[in-house]
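In: sequence first, then the predicted structure:
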Amino acid sequence: MEMRMMRIATVALMLASILLLSGAWCICLSPVSTVQETRLLREYFAELEGTELGGDDYSSVTYPVDVGDRDVVTIRLDRVGTSIYVSSDVEYIVLDVPGVNICLKDPDGHVIWSDEHALHAAYSIQLASGQYTIEIGNPGERYVSCSLTFTVDGYVDYRPLEPVGSLLILASLPVFCLGAAASIARRKSKDVS
């Protein structure tokens, strides 16, 4: 009986150790895959006053954008116009405005990209990490509204075997308990005899 319990304890603890070490390898040391991930960073609806409505000479709005390493930022400017509400549920966008000025500035304040009198704009660039700003300005006399969307295509590193490693570590726990119980039972049977 004692020899049988010793074999069970030895095999169980050895199997549990193999499961635990395999799980740790899957989580910490398995090969890494890099996947491109597209996510919406921000979406804004900007409203800029014109000079005829008492606005400044150049009414502008600034939005901050945080970017990580290897991220590709895409900026889309759309729906530039003056909104006219016909009723509470119907809105028309009139596109007879001169457009808006848009520029992307790096963390030091230098202009990376700009477009003047834009009604539509799209720009993609790979940036270093940091906080960038996008400025939209209204050079015209009328009130102008526009839609601005930032999307970021980032790269994510992950380990495909990590979930398997978690399951192996979890599976090793009851096997450790079995080995410990067999070891304790062997000691008790040894103490009784």
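Out: Thanks, I have it. Every value quoted in this text rests on a predicted model; they were computed, and no experiment measured them.
In: next, the buried residues of whichever helix in the chain runs longest.
Out: As assigned by DSSP state H, the longest helix anywhere in the chain is helix 162-192. By neighbour count on 16 or more other C-beta atoms under 10 Å, the buried set for helix 162-192 is G165, L168, I169, S172, V175, F176, L178, G179, A182, S183, A185, R186. Every residue, glycine included, has its C-beta placed from N, CA and C.
In: which elements pack onto that helix?
Out: The elements that helix 162-192 packs onto, with contact taken as 3 or more C-beta pairs under 8 Å, 6 or more residues apart in numbering; DSSP states H and E, are helix 2-28.
In: and the helix it packs on, what's buried?
Out: For helix 2-28, by 16+ other C-beta under 10 Å, it's 5-6, 8-9, 12-13, 15-16, 19-20, 22-23, 26-27.
In: just after that helix, pick out the following helix or strand.
Out: Heading C-terminal from helix 2-28, the first helix or strand you meet, by DSSP states H and E, is strand 33-48.
In: adjacent strands (with direction) for that next one?
Out: Strand 33-48 pairs in its sheet with strand 144-158 (antiparallel), by DSSP bridges.
In: where's the partner strand relative to the chain centroid, distance-wise?
Out: Distance, stretch centre to chain centre, for strand 144-158: 10 Å (C-alpha atoms, centre = their mean, to the nearest Å).
In: sweet, I'm off.
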